[in-house]
Each structure stands twice: as C-alpha cells, then as structure tokens.
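Engineer: any chance you could fold what I've pasted below:
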Amino acid sequence: MLQKLLKKYYGIEAIEVMPIGHYHSCKKDNQRYILIPVTHVKEEELAELEQIANHLQKNGDRTVNTFLYTKENSRILTLESEKYCVLTSQQQIHSPRSGRLGRKLAKFHYRGRSISFSVQKTSRIGQWKNLWEKRIDQMEKVWSNMLYQHPENEFDRMFRESFPYYMAIGENAIQYLVDTELDDDPKVIDNGTVCHHRFTIQTWGEEFSFRNPFDWVFDHSSRDLAEWTRERYFHNYRTYQHDIQSFFRDYQSIEPLSSFAWRLLYARLLFPLHYLECIEDYYSTTSEQQQRQLTERLENYLQHSRDHEKFLKDFYHLTEAPIRGYQLPVIDWL
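Structural biologist: This is a model prediction of the structure:
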C-alpha cells in the first residue's frame, strides 16, 4: 500500500516494506518513509510539529523524521475519509539500547531548548498540577460511588482498598510540585524543550532509530527523565539500579540538572501514574483478557508497594543527586 501511495502522490519508487512499531514503512536508497495516520490531529498541531522537526534537523539531529510533501505540495494526504502524513529521514541502522541513551537524550533536549519560536499547541509547560488534580478527582468520584456497593470482582476489591493510599501519594506529589515552583528558581536548563508523551527505552526504536514528531510535547526535560526512570523500575524492580545510575551519569555528562529540575523530576516520579493508568485502563476496556492482565498488574503493584516506597526513598542517593548542595527535600514518611 505505502509503495503505491509514494509512487502515485510523491513520485518516489520505494522498496523493502517493513513495519516500524505500529506503522508501515519502506525505503529508497538510504531514505526511509513512514506512513502516519493523522485524521484526528489538528492542522495547527501538525504545523507546529513540522516546525519543531525542521528545527531539530537544522540543528544537527540527523535521525529526526521530517514531513514529506506530496507532488501537489501538501503536508497531508487525504484518502477517502482518512488523512495521513509521510515522515522521512536518513536510515540509521543501530539499536539505541547499545548506545548511551542518557547522552543522546541530553543532546536532544539541548537542541530542543534552543527553539526560539512560540510553541502552544503541543506545550505542557506549567500544566502538571491541574492535570494531576483532575485525574485524581475523577478517580475519587469513581471510588466514592463504589464504596456502598458490593465488589463485583477481585479488581474492584483491590481498587476500593488501595485508592486512599495512592490518592495520598498523588497529593504528596502535587504538594512537592507546588513547593518547588514556590521555593526554587529555574535556571537555563529548565527552559522548555522537546519531550515525549512517554519516553521509554523503546521510544526511539529497536533496530532503526525513529524520532517521531507525533511522540512529542513541549515540556520540562524532567518529564522524559522521570518517565524513563519509571519504566525501568517497573520493568524489573530488583535490577533497575545499574540502568538508572548509568543513565543519569550519561545524561549529566552533557548537562547537569539544576535543583529545580531534580525537584520537578522527583515530583513526577512520586505521582502514581502507573496505578492510575491501570485503574483507568481496566474500567475503560471490555476485553476480558485485558482485564485479567490488568488485575494481575494491579495485584503486582500492591504486593510490591513497599519496594516502590524504598525506590522513591533512595532515588536521590541512587542517582547521586547533590541533596545537601541543592537542599533537595525528602519525603519523611517514605
């Protein structure tokens, strides 16, 4: 399908069809082309993402994917009632796992921080508090409605018993965030940059380096650091230490974090996103298989809640954060 589209609408005869994540791709010479559905993405956001991608490419990121225009000079390809974009970049054949991902992410953030134009549609700067409060409030309403009903299954029972604990942790995270914004002063490294909705070890691809503009948001760099750390911890809660320590050393070999950045990072890590997503996913799916998987996941979270507390308590020491020099607050109850 993609080969025919490229030939008809872009005048490109490509070969070697292969999937990259959830997307179709093919290549010509050393150039790879990826088809992205964009039916539900607004034009203003597309324009902003293109501007950001072009900025990163012009500032030396050869792996970033930029937008390919049709022969009619259109960013969007409309087929029947669906809309698509084609992204293209030079094919970089390597595994990001084998490289020093912390250094690469720091360089990515450095380039993103030099953006001089206004970013609005994809910006999440300063929005964490409101988003977190809204999320907890919505879940509290669900929980309150269940209190006077008999639990229908094991998941309902675990949710009813565990939510007050995680709500308290969420409120701690929000207070930590508020105190940081009141007490600390941002430095240059705390300027907004290009981040990801959820940065993990898989985000930039397995075999091919794939920097997808549709993964991006404009935010504080601590967003990516926190989400990468969260994923590594839950990937294996017994062996995460070395990965996290190496990652932060590599990142800070390019740019050391400020006290403001450390505190934002910790607030985001403290916020129980893993728990909230598990609950939200369970009550929004009708798949029995997925519900069974989510029940097992929630049970695992609850069984290892003390391990998670220890991880949070030791995080600053593990990452060699300058606690005394930066006067980084610790959570007393952990």
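
Engineer: what about the longest helix in this structure?
Structural biologist: In the chain, with assignment by DSSP state H, the single longest helix is helix 154-183.

Engineer: just checking, what packs against that helix?
Structural biologist: With contacts defined as 3 or more CB pairs under 8 Å, 6 or more residues apart in numbering; DSSP states H and E, helix 154-183 has these neighbours: helix 128-146, helix 259-270, helix 273-284, helix 288-303. Just so you know, the C-beta spots here come from the backbone N, C-alpha and C atoms, and that holds for glycine as well.

Engineer: helices and strands around the last one, which ones?
Structural biologist: In terms of contact count using 3+ CB pairs under 8 Å, 6+ apart, helix 288-303 is assigned the packing partners helix 154-183, helix 273-284.

Engineer: need the strands for the protein, in chain order.
Structural biologist: Assigned by DSSP state E, the chain shows strands spanning 15-20, 23-28, 31-37, 66-68, 77-79, 82-90, 193-196, 216-219.

Engineer: most tightly packed of these?
Structural biologist: strand 193-196 (a mean of 24; mean count of other CB atoms under 10 Å).

Engineer: partner strands of that one, parallel or antiparallel?
Structural biologist: Applying DSSP bridges, strand 193-196 is found paired with strand 216-219 (antiparallel).

Engineer: re earlier: turn the helices and strands packed on helix 288-303 into TSV, including mean neighbour count and distance to S259.
Structural biologist: Output for the helices and strands packed on helix 288-303, formatted as TSV (neighbours: other CB atoms under 10 Å; distance: least, CB to CB, whole Å):
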stretch	mean neighbour count	distance to S259
helix 154-183	16	9
helix 273-284	17	23
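
Engineer: need the ones you listed in TSV (columns: distance to N65 and mean pLDDT).
Structural biologist: Shown next, in TSV, are the helices and strands packed on helix 288-303 (distance: least, CB to CB, whole Å; pLDDT from 0 to 100):
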stretch	distance to N65	mean pLDDT
helix 154-183	32	97
helix 273-284	27	97
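
Engineer: okay if I get those as a markdown table plus distance to Q290?
Structural biologist: Rendered in a markdown table, the data for the helices and strands packed on helix 288-303 read as follows (distance: least, CB to CB, whole Å):
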| stretch | distance to Q290 |
| --- | --- |
| helix 154-183 | 11 |
| helix 273-284 | 7 |
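
Engineer: and these: which comes nearest P37?
Structural biologist: helix 273-284 (21.0 Å; CB to CB).

Engineer: quick one: distance of the closest one to the chain centre.
Structural biologist: Computed by CA atoms, centre = their mean, to the nearest Å, the chain-centroid distance of helix 273-284 equals 16 Å.
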